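Trainee: coords below, sequence missing:
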């Protein structure tokens, strides 16, 4: 599937910066695609393979709107030296985690991890997993006066 999606993106104009080839029957090279078409599968679906897409932009707000327009939402990364731009991007991006000047593979056990919108089935991480596996129950007890015999 990954190979088919990459080939489709290339046919629609994406440039392969690295990778783009099958290594074996079940492995694919880590691949970087530059400017795949908006309607390419790699641009509209979650690849779940070693593929990253890089899109050119001239206006950051336009880039954020483009990212937020998808029906899937997982993690995002912003690379900048400008803290105001970084904080604005973190606030506006719909990712469940937005990394600043680091890649999206960063994770520690205590941080929430999961998708939003059509991505994933809930949120992981210690706190969220414990809540998901816990059924709350309320017990109501009313004190009764002891009966005299």
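Mentor: That came through, no problem. Note that the coordinates shown come from a computational prediction; the quantities given were computed from them, not determined experimentally.

Trainee: find the centremost residue of the chain, please.
Mentor: The chain has residue 74 as the residue nearest its centroid, 1.7 Å off, counting by Cα atoms, centre = their mean.

Trainee: how near is that residue to residue 83?
Mentor: 24 Å (Cβ to Cβ, to the nearest Å). C-beta here means a position set from N, CA and C on the backbone, and glycine is covered the same way.

Trainee: surely residue 28 and residue 48 touch.
Mentor: No - counting by Cβ atoms under 8 Å, residue 28 does not reach residue 48; the two are 11.3 Å apart.

Trainee: in terms of neighbours, single out the busier of these two.
Mentor: Per other Cβ atoms under 10 Å, whichever of residue 28 and residue 48 has more neighbours is residue 28, with 18 against 8.

Trainee: now do the contacts for that one.
Mentor: Contact partners of residue 28, counting by Cβ atoms under 8 Å, 6 or more residues apart in numbering, are 2-3, 6, 19, 21-22, 49-51.

Trainee: are any of those residues buried, and if so which?
Mentor: 2, 6, 19, 51 (16 or more other Cβ atoms under 10 Å).

Trainee: closest one of those residues to residue 87?
Mentor: residue 51 (28.9 Å; Cβ to Cβ).
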